[in-house]
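1. Quick one: sequence plus predicted model below, questions after.
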Amino acid sequence: MTPSSLSQPDRRALLLGALGVGLSTAAPALARAAVRNVVLVHGAWADGSCWSDVIPRLQAKGFNVTAVQNPLTSLTDDVAATRRALALQDGPTVLVGHSWGGVPITEAGLDPKVAALVYVAARAPDADEDFNALAARYPTMPARAGVVTHDGYSWLTKDAFVRYFAGDVEPARALALHAVQQPIAANLFAGRTTVAAWREKPSFYAVSANDQTTNPDLERFLAKRMGATTIELPSSHVSMISHAQAIADLILKAAG
């Protein structure tokens, strides 16, 4: 059997096995290859502060952590912001995306510095896939009814944000998150990736079982399709806030 005839998960396993053999014979190389960097990419109707409960947990373990501030103006712009953050890393990096953030990490994740991908209740499109058509196969979740659009940008109403988007977050905290939500270009979700980095890199997925923004069954499908190491949390869409330790632990697992 040739490597090209293997499934994507098997090819990743073969690659990891080969790396493991090489590293085991050279301790200095292992030290140089250790993952010490994490880049976090937020999704729609959020900004980098949504990772504020995860960041100190990773820093306490000695990781260099960078939270990207996506402009949410187009897929191209968000990928560029992610690549700028990756360029600043000094070695192997775990690249993490929440919600829409899964799309730019899918495009940017082939960067040679990226050692693993982590998806948090995230979109994970295949190359040139119409993700909106894929999502339409699943029931629409309640948060979508709270999307309002003006002058080419969309955001979530306060009620939809607090009740559905961040439904298991303490209300005062949810209101603060709503106050800093970043409006998105109304056509943002139409962007398509040209590659699917999860086909080449070890991938991890955190499903939010109580998600009222992205259908949990869609999340389960995406995790299964990519052959991801998967956890499932009794969480709203923002598990990195309501289940910060579990998300931090998954990122640490991806870092090895």
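-> Received the coordinates, thanks.
2. for the stretch 151-256 of the chain, what spans make up the helices?
-> Using DSSP state H, counting those that start in this stretch, the helices assigned to the stretch 151-256 of the chain run over residues 158-160, 171-179, 216-225, 239-242, 244-254.
3. next one: the second one to chain centre, how far?
-> If I follow you right, that is helix 171-179. With C-alpha atoms, centre = their mean, to the nearest Å as the basis, helix 171-179 stands 22 Å off its chain's centre.
4. Tell me how far Val35 lies from Phe63.
-> 8 Å (C-beta to C-beta, to the nearest Å). Heads up, the C-betas are built off the backbone N, CA and C, glycines and all.
5. Mutual contacts of these two, please.
-> Ala255 (C-beta atoms under 8 Å, 6 or more residues apart in numbering).
6. show me where pLDDT drops low in this protein?
-> 1-33 (pLDDT under 70).
7. got a list of what the residue sitting nearest the centre point of it touches?
-> Closest residue to the average C-alpha location of the chain: Gly97 at 1.7 Å, with C-alpha atoms, centre = their mean. Applying C-beta under 8 Å, 6+ apart to Gly97 gives the contacts Val41, Gly43, Val103, Pro104, Ile105, Thr106, Leu117, Val118, Tyr119, Val120, Ala122.
8. Confirm the fourth one sits in a helix?
-> Same thing as Pro104. Yes: assessed by DSSP: H, G, I helix; E, B strand; the rest coil, Pro104 belongs to a helix.
9. neighbours around it, how many?
-> 28 (other C-beta atoms under 10 Å).
10. Which residue is the nearest non-sequential neighbour of it?
-> Among residues not flanking Pro104 along the chain, Asp78 sits closest, at 4.2 Å (C-beta to C-beta, 6 or more residues apart in numbering).
11. just checking, that neighbour touches Arg84?
-> No: assessed by C-beta atoms under 8 Å, Asp78 is found out of contact with Arg84, at 10.8 Å.
12. Give me the more crowded residue out of the two.
-> Shown here are Asp78 and Arg84; by other C-beta under 10 Å, Asp78 has more neighbours (30 against 12).
13. Now do the same for that one: helix, strand or coil?
-> helix.
14. where's it relative to Asn70, distance?
-> 5 Å.
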